[in-house]
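Student: Need a 3D model of the following:
(one chain, ligands or ions: 2)
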Amino acid sequence: MTVTAAEMKEIERKAAEGGLSYEQMMENAGRAVADFVQEKQPVLRTAAIFVGKGNNGGDGLVAARYLRERGVRAAVILVEGEPKSEQARANFAKLDEKTPIWPIEELQMDQINWIFDADAAIDAVYGTGFHGELSDVARAATTMLCRSFGMVFAIDLPSGVNADTGELAVGAAMADHTIALHAEKPAHSLAKANCGLTHVADIGIK
Ligand SMILES: NC(=O)C1=CN([C@@H]2O[C@H](COP(=O)(O)OP(=O)(O)OC[C@H]3O[C@@H](n4cnc5c(N)ncnc54)[C@H](OP(=O)(O)O)[C@@H]3O)[C@@H](O)[C@H]2O)[C@@H](O)CC1
Ligand SMILES: [K+]
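Tutor: Ligands and ions are numbered 1, 2, ... in the order given. Have a look, this model is predicted:
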């Protein structure tokens, strides 16, 4: 089953009406990402998580929390400042106080090296909400993801890929693995080179 971004929104709305809260969907999504990354990287010591302002970023924040609870040194790189969506803000507040939180514009050389050397780099900048072109800061994030020595994982979609058309913005992220939430979107087959291997994760929607 393939669903467009609009269809996915509708599926989420119906699930919420049926009693599965948006909060729980995001929790399930972030936990599924943490599980998948650890399955692919059994020796996972460090993870760099690039977080955008919306719900895709929220999924990344949940994944960061789970990974840290499991002893992984996970750092959050804020690409567009602090999260703006309600669910993402709630999950930002749930990070433990030792979580490194680095605004991308303020990265120091030692932090950049740490990010490049991380065992996993996770793209949680944009998902189905993306349209148009990547800003300079978002492109800085996708460039760092591309240059990472660790395995690169995209949550739902690589940032800069249009979910419905597979159209690529200049500098769109390239992932080794993409974790499609609930169902594949058209871009998972239209932009295969950027998505790498796509794995569909259950986020609790029946
Ligand atoms: N609904 C839910 O609760 C759940 C959602 N889930 C997750 O949420 C993801 C969708 O989240 P999202 O709709 O918040 O959009 P996201 O992809 O994070 O982008 C953020 C915002 O960026 C903006 N934007 C777009 N293009 C831009 C550009 N070129 N440059 C700058 N800004 C740009 C755009 O705002 P706009 O510009 O349209 O006002 C957009 O809203 C989905 O893929 C999945 O990971 C799961 O957790 C399950 C529960
Ligand atoms: K993403």
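
Student: Which residues are in contact with Lys192?
Tutor: Lys192 makes contacts with Thr198, as judged by CB atoms under 8 Å, 6 or more residues apart in numbering. All C-beta spots, glycine's among them, are computed from the backbone N, C-alpha and C.

Student: Could you check how far it is from Leu78?
Tutor: According to CB to CB, to the nearest Å, Lys192 stands 29 Å off from Leu78.

Student: what does Asn194 give?
Tutor: 23 Å.

Student: and what of Glu10?
Tutor: Taking CB to CB as the measure, Glu10 and Leu78 are separated by 30 Å.

Student: Tell me which of those two has more neighbours.
Tutor: A count of neighbours by other CB atoms under 10 Å puts Leu78 above the other of Glu10 and Leu78, at 22 against 12.

Student: How about the residue sitting nearest the centre point of the chain, nearest residue that isn't a chain neighbour?
Tutor: In the chain, the centroid-proximal residue (CA atoms, centre = their mean) is Ala124; its distance is 2.4 Å. Of all residues not flanking Ala124 in the chain, Gly60 sits nearest, at 2.4 Å (CB to CB, 6 or more residues apart in numbering).

Student: A helix includes the one you found, no?
Tutor: Yes: per DSSP: H, G, I helix; E, B strand; the rest coil, Gly60 lies within a helix segment.

Student: Just the strands from the protein, written as ranges.
Tutor: 46-51, 73-78, 101-103, 120-124, 151-155, 177-181, 197-201 (DSSP state E).

Student: deepest of the ones you listed, which one?
Tutor: strand 120-124 (a mean of 30; mean count of other CB atoms under 10 Å).

Student: Return the list of helices and strands in contact with that strand.
Tutor: helix 22-40, strand 46-51, helix 55-69, helix 136-147, strand 151-155 (3 or more CB pairs under 8 Å, 6 or more residues apart in numbering; DSSP states H and E).

Student: List the strands paired with the shortest one, with their directions.
Tutor: Meaning strand 151-155. strand 120-124 (parallel), strand 177-181 (parallel) (DSSP bridges).

Student: Those strands: which one's closest to ligand 1?
Tutor: Evaluated with CB to the nearest ligand atom, these place strand 177-181 nearest to ligand 1, the distance being 5.3 Å.

Student: Would you mind pulling the contact partners of that closest one?
Tutor: In contact with strand 177-181 (CB under 8 Å, 6+ apart) are residues 8, 29, 32-33, 36, 40, 59, 127, 151-158, 188, 195-201, 203.

Student: buried residues in stretch 43-63?
Tutor: In terms of neighbour count (16 or more other CB atoms under 10 Å), stretch 43-63 has its buried residues at 44, 46-63.

Student: restrict these to contacts with ligand 2.
Tutor: Here is what survives when these are matched to ligand 2 using CB under 5 Å from the ion: Asn56.

Student: chain center to stretch 92-102: distance?
Tutor: Put simply, stretch 92-102 sits 16 Å off its chain's centre (CA atoms, centre = their mean, to the nearest Å).
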